[in-house]
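J.: The following comprises the amino acid sequence and a computationally predicted model.
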Amino acid sequence: MTASTTTNDPLSVEEIRSDFPSLTVPMHGKPLVYLDSAATTLKPRPVLETIQEFYGHRYGTVRRAVYGLSEQATAAFERTRKTVTRFINAPTSRSIVFTKGTTESINLVASSWGKTHLRPGDEVLISAMEHHANIVPWQLACEATGAQLRILPMNSSGELLTEELDTLLNKRTRLVAVTGLSNALGTINPIQEICSRAHAQGSLVLIDAAQMAGHMAIDVQALDCDFLAFSGHKVFGPCGVGVLYGKPEILETMPPYQSGGDMIREVTFEKTTFADIPVRFEAGTPAIVEVIGLGSALEYIHSIGFEQIGAHEKDLLRYGTDLLEQIPKLRLIGTAAHKSSILAFILEDVHAHDIGTILDQAGIAIRAGHHCAQPTMKFFGVAATSRASLSIYNSREDLDALALAIDEVITLFRS
Amino acid sequence: MTASTTTNDPLSVEEIRSDFPSLTVPMHGKPLVYLDSAATTLKPRPVLETIQEFYGHRYGTVRRAVYGLSEQATAAFERTRKTVTRFINAPTSRSIVFTKGTTESINLVASSWGKTHLRPGDEVLISAMEHHANIVPWQLACEATGAQLRILPMNSSGELLTEELDTLLNKRTRLVAVTGLSNALGTINPIQEICSRAHAQGSLVLIDAAQMAGHMAIDVQALDCDFLAFSGHKVFGPCGVGVLYGKPEILETMPPYQSGGDMIREVTFEKTTFADIPVRFEAGTPAIVEVIGLGSALEYIHSIGFEQIGAHEKDLLRYGTDLLEQIPKLRLIGTAAHKSSILAFILEDVHAHDIGTILDQAGIAIRAGHHCAQPTMKFFGVAATSRASLSIYNSREDLDALALAIDEVITLFRS
Amino acid sequence: MSFDLYQQVILDHNRKPRNCGALEGHTHTCHGHNPLCGDDYTVYLKVTNEQIEQVTFEGNGCAISKASASMMTQSLQGKNIDQAQALFEEFHQMVLGNLDAESTETQLGKLKIFQGVRAFPSRVKCASLSWHAMHTALTQKEDEVSTE
Amino acid sequence: MSFDLYQQVILDHNRKPRNCGALEGHTHTCHGHNPLCGDDYTVYLKVTNEQIEQVTFEGNGCAISKASASMMTQSLQGKNIDQAQALFEEFHQMVLGNLDAESTETQLGKLKIFQGVRAFPSRVKCASLSWHAMHTALTQKEDEVSTE
Ligand SMILES: Cc1ncc(COP(=O)(O)O)c(C=O)c1O
Ligand SMILES: Cc1ncc(COP(=O)(O)O)c(C=O)c1O
């Protein structure tokens, strides 16, 4: 550990790094510098062990069987529901629906809630910096119901123009769907303010917490949001599992989304009655071990604590911003005053994909592209950006390596 | 290995069993006798190793990134699509959509195909022995479109009355959705005949292969079925992953199901265009490692071969049937001439749940309940059955243990 | 193979359920159903001046649910409504594993035999189905209760 | 840090693309677009009697796609349609990794420099975008091609 990682850094990066076996695997013969955690995070040992233990030694189906393996799996599965409940301070575990990811969580709301609650002339308000997962489902729900999609604009730093809420929020607004943390820009949005202003107009609020969930504490009761969605694979958990939080009294008004086993009360060929929430929304055999692994992941986050995580990532962000700002011809995309863990940029005369490929050869994994946020790219007038996104296991050395490699790209392209 | 396992048994059960670490973990202090493979199968070592290797050392997102970890993950992910293509002899890997399971696969068709192709007066034909996953989505699709749900009846052995197809299949029939192998009864249905007769009337056919896929070879081109669905977790693979096969020319006519990242071509706030099949149906970050693990599972099946599997399970079924038929007051539910791997039964005067609990104490995991097939239970006039379902790792000793334990239940309840 | 849960008392009540059948002139009734396993019971009570005069049940299900219904009818005989509701609470907490009937002073008496069910989470609902039906009947919120 | 893919020739064509700009009086054209990375090119051809007289391109994208478009225009000059389509096939198979341009007799010439791209699956489409556009323009199936 060199001096640079310890300054102002309350979290032992070396210790954290030792929890992630992926970081020990060289990439193109170089030590891996993983800077794509906004796409998906690496997995810590406790999560790997849970997955292995459950698939290998304690595997059984959930909910329906009376034998020990299944009762234990069911208990572990429902324990994760309680862990999630605590993780976001939900009022009850009945408000926690397991899905396959943020995308499915939002689709569930857009379909089940949207198609029963939206009417022609109603409005759905999203922000200008949403991920496609929080745009397209609303476009389709609006198309299906005759509602209108409205866009809350942002400024050139990537900050939402909340003053526009005065006119955009009105009696026709049924739902505001907004990201807590932009995956393309790093902006932390004022979701508390948005929630209270939307509620004042009688509108519900859905928070896309896909990025937030791994970086900052969430308290759905303090926020008073109506829905909140996140993915397991972005919070150090397995793929194929996600969470939808919904206020129980709202979930109760919603028809099933998918149908099949488990979500029913009684089936006859003439008529089917559906189970209570949250199971009503969990048709079919769930991602049993992945849900249990998500529990481990959230406990792992808890064991570090968001205060530590926040301080560490703040330090990294400041350090990285300083480094990149010194690079001539580099322009940061996303410079909000409130920002977290994401450094997106463009280099004059060098396309993001070329940067991505060249950095990869240096063992540095960054993301190059539109980050599933094409309207955001369009707003900034770029086809793609390069994005380094940070997590608990990143160090200042990772950012040093990034800056050095960018310098070399510039040299290569100038030559 | 005792004599009883080798007779007529071309497959080395001991060798297979040694691939499944779960079988070495005692249950209530007894060796585990796992007889609930129709609910979910245990996982063999190659699958466990793939999962561990990918989560632990080769983890990266798929499709969108230019760096090595992601390119390798993408290649492995797409390799599974090719493995699935071969596994069911699909014409092209474009016809393979990854879902989270059979339930989602069927919901996808019921929603995307159903809601765009079904009209008032149209008919959807399902069989009397379907799993809820192949009933409820069609009830809801019919409700939404004004189509009618028709039921192909069965006889008291649990065999479909295919002669009824003469009247049930008609010009209004748009789709026949039928299971290849009943999870409640073990019946192997004449799906080849159903496909050709349905096609002769201009109807499409969906095969629920959730049970079939782990027990018998599937050739979608020989069958000429239009859709086919199965789950990873029932074919020795991970949870949270499933497959939908669709004829490419039909998939191409279908609108997206869920929407978000990956499944789009271009997004603007005004208009979104969608990607080609199969990606159009794969919104959001997929269950990356689970898909790759499914590839391992199918290769594992392939390495044993369905001929061996079929012979082994046929032997077990015959052996188990003989044993159970000798038990007084036991009635087998599901006695079709064409049957596979499932022994469902009721005991006079002893409820299935009591049997399940008592057998569990003997280390024997069977399923007690309605098996997500309430209409089937109703047809047989029972509230629940006990079900022992077999797989490659079961031995004659497992069935000996089952029969012995049932005898003890009878003694206990008689006393 | 006999163990904690399936004791002779329970097997005996299962074979010969007490107070089984509809109750003419009942003042309270509730139908309880667990679609998961098919357990299906109706509980009838005749109550005069807050006093339970008679309790019967009708229906079918597993040994645990039937013995529980049968033994419930016996233990409610002669209790008043408050006592019955208090007993429901004790029974419910015991089978959930929240109350240790061995070490705690309770009114459960013979019903302690159902304590073993807490080791079988999937069977807790079998043991408590008829109790839920009784509780609901007395609270008169609805005449249908379902446990899954 | 320089390696196989970003050779000087490619960097040079990226900096100073040849035959860049719209082509008046073109007989064939096609717009090629890769929404994934934003690569966006239009290829113009002037063909007389099956003979390609002039090829230009217009657009923007990464160095690989731009150098590829630029070098394509050079190598098509003077070829006839069949030769151009054959060259497309060779180029396409090379970048897919199905054809080893080192050990096989081909018409690829300088274009062999793009062989390195086969080690970068996510970049194959960058290298082949303008070629797909050219191929489609000559086949005249549509005037829009998209690779993802
Ligand atoms: C802000 C945001 N929303 C939604 C998503 C979609 O998440 P997933 O792909 O896990 O469904 C992502 C990540 O891709 C994201 O960054
Ligand atoms: C015949 C049949 N169809 C569908 C399903 C549903 O599969 P899944 O729960 O994996 O979605 C099952 C298994 O539960 C089944 O046995």
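T.: All right, it came through fine. Ligands and ions are numbered 1, 2, ... in the order given.

J.: shaky segments in the stretch 1-150 of chain A?
T.: Where the stretch 1-150 of chain A drops to pLDDT under 70, the residues are A:1-10.

J.: How about it: which residue is closest to chain C?
T.: Closest contact between the stretch 1-150 of chain A and chain C, by C-beta to the nearest C-beta, is at residue A:66 (4.6 Å). Yep, even glycine has a C-beta here, placed from its N, CA and C like the rest.

J.: Residue A:378 - nearest residue in space that isn't next to it in sequence?
T.: Using C-beta to C-beta, 6 or more residues apart in numbering or on different chains and skipping the chain neighbours, the partner closest in space to residue A:378 is residue B:268 (7.0 Å).

J.: Report pLDDT for the one you found.
T.: Listed pLDDT for residue B:268 reads 89.

J.: how many other residues sit next to residue 64?
T.: Chain wasn't specified; assuming chain A. Using other C-beta atoms under 10 Å in any protein chain shown as the criterion, residue A:64 is surrounded by 21 other residues.

J.: sorry, should have said chain C
T.: Residue C:64: 31 neighbours (other C-beta under 10 Å).

J.: re the thing from before, I figured the residue of the stretch 1-150 of chain A closest to chain C hits residue B:354, correct?
T.: No. Using C-beta atoms under 8 Å, residue A:66 is not in contact with residue B:354; the gap is 9.1 Å.

J.: So these two - more neighbours on which side?
T.: residue B:354 (31 against 28).

J.: Could you please name the strands the helix or strand harbouring residue A:151 pairs with and the direction of each pair?
T.: Residue A:151 belongs to strand A:148-152 when elements are defined using DSSP states H and E. Looking at strand A:148-152 with DSSP bridges, its partner strands are strand A:123-127 (parallel).

J.: Mind listing residues that contact the strand it pairs with?
T.: With contact meaning C-beta atoms under 8 Å, 6 or more residues apart in numbering or on different chains, strand A:123-127 is reached by A:114, A:118, A:134-135, A:138, A:141-142, A:147-152, A:154, A:160, A:168-170, A:172-179, A:189, A:198, A:203.

J.: who are the neighbours in contact with the closest residue to residue A:374 other than its chain neighbours?
T.: The shortest distance from residue A:374 to any non-neighbouring residue, by C-beta to C-beta, 6+ apart, is to residue B:267 (4.6 Å). Neighbour list for residue B:267: A:132, A:135-136, A:374-375 [criterion: C-beta under 8 Å, 6+ apart].

J.: among the residues you listed, which are in helices?
T.: A:136, A:374-375 (DSSP state H).

J.: out of those residues, which touch ligand 1?
T.: Taking C-beta under 6 Å from any ligand atom as the test, ligand 1 is in contact with none of these.

J.: Please, a ChimeraX command that selects the buried ones among the residues you listed?
T.: Command for ChimeraX that selects the buried part of the ones in helices among the contacts of residue B:267, burial taken from 16 or more other C-beta atoms under 10 Å in any protein chain shown:
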select /A:136,374,375
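
J.: could I get the ones in helices among the contacts of residue B:267 as JSON lines with distance to residue A:38?
T.: Compiled in JSON lines, the ones in helices among the contacts of residue B:267 are given as follows (distance: C-beta to C-beta, whole Å):
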{"residue": "A:136", "distance to residue A:38": "19"}
{"residue": "A:374", "distance to residue A:38": "16"}
{"residue": "A:375", "distance to residue A:38": "17"}
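
J.: which of the ones in helices among the contacts of residue B:267 lies closest to ligand 1?
T.: Closest to ligand 1 out of these is residue A:136 (10.9 Å), distances taken as C-beta to the nearest ligand atom.

J.: Now do that closest one against residue D:138, distance only.
T.: Distance check for residue A:136 against residue D:138: by C-beta to C-beta, to the nearest Å, it reads 35 Å.

J.: and residue C:30, what helix or strand is that in?
T.: With DSSP H and E as criterion, residue C:30 is part of strand C:28-34.

J.: That strand close to chain B?
T.: No. Figure legend: strand C:28-34 not in contact with chain B (C-beta under 8 Å from any C-beta of the partner chain); closest approach 9.6 Å.

J.: What's the mean pLDDT across that strand?
T.: The average of the pLDDT scores along strand C:28-34 is 91.

J.: That strand pairs with which strands, and in what direction?
T.: Using DSSP bridges, the strands paired with strand C:28-34 are strand C:39-48 (antiparallel), strand C:144-146 (parallel).

J.: got JSON lines for the ones you listed, with mean neighbour count too?
T.: Shown next, in JSON lines, are the strands paired with strand C:28-34 (neighbours: other C-beta atoms under 10 Å in any protein chain shown):
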{"stretch": "strand C:39-48", "mean neighbour count": "22"}
{"stretch": "strand C:144-146", "mean neighbour count": "18"}
